[in-house]
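*Asks:* sequence below, structure please.
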Amino acid sequence: MSVAILHHGEYVIASIQSDLSDREVMALRDDLANRVGERRARGLIVDVAALDVIDSFVARALRTIAETTQMRGAETVIVGIQPDVAIAMVQFRLNLEPLRAALDLDEGIQILDRLLHRGSPDAR
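*Replies:* Coordinates of the predicted model:
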């Protein structure tokens, strides 16, 4: 599977490097759910910039990842959706709720920081 998974403080970051087979998507879903629990991560960022297509199967898997990690106490942000991919997703009415999306990794981290640290004295 060509996915780089990094740990950045209280966040897990998964960067998909190339298209994944359905089996690899399922393995990634399970791996991320386990890592969030093992690391007690509070946030997950999935970088999909390398994907040329997000079909209904991948969209459902991303939504399931978000729902699963939320049940494990973490928020999920998807980053790097290419413009053509976003247009196709809208045209095919792919439902990604409860996913949050951001342009890039920096913005994804900012979103998680705001979600997880609002109400704290050093909230941004």
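*Asks:* from here on, just use CA atoms for contacts and neighbour counts.
*Replies:* OK.
*Asks:* looking at the residue nearest the centre of the chain now. What's its pLDDT?
*Replies:* For the chain, the residue nearest the mean C-alpha position is residue 46 (3.1 Å; Cα atoms, centre = their mean). Looking at residue 46, its pLDDT reads 97.
*Asks:* which other residues reach whatever helix or strand it lives in?
*Replies:* Assigned by DSSP states H and E, residue 46 belongs to strand 43-47. Here strand 43-47 makes contact (Cα atoms under 8 Å, 6 or more residues apart in numbering) with 10-16, 36, 69, 74-81, 104-105, 108-109, 112.
*Asks:* report the buried residues of stretch 36-55.
*Replies:* For stretch 36-55, burial by neighbour count (16 or more other Cα atoms under 10 Å) applies to 36-37, 41-49, 51, 53-54.
*Asks:* how far does that stretch stretch from start to finish?
*Replies:* This stretch, stretch 36-55, spans 25 Å end to end (Cα to Cα, to the nearest Å).
*Asks:* cool, and stretch 32-50?
*Replies:* 18 Å.
*Asks:* what about it, distance to the chain center?
*Replies:* Distance, stretch centre to chain centre, for stretch 32-50: 7 Å (Cα atoms, centre = their mean, to the nearest Å).
*Asks:* quick check, pLDDT for the closest residue to residue 3 other than its chain neighbours.
*Replies:* Spatial nearest neighbour of residue 3, chain neighbours left out: residue 16 (4.5 Å); criterion: Cα to Cα, 6 or more residues apart in numbering. We have a pLDDT of 96 for residue 16.
*Asks:* likewise for residue 121?
*Replies:* 49.
*Asks:* how about the longest helix along the chain: buried residues?
*Replies:* The residue-count maximum for a helix in the chain (DSSP state H) belongs to helix 22-39. The neighbour-count check on helix 22-39 (16+ other Cα under 10 Å) flags 25-26, 28-29, 32-33, 35-37 as buried.
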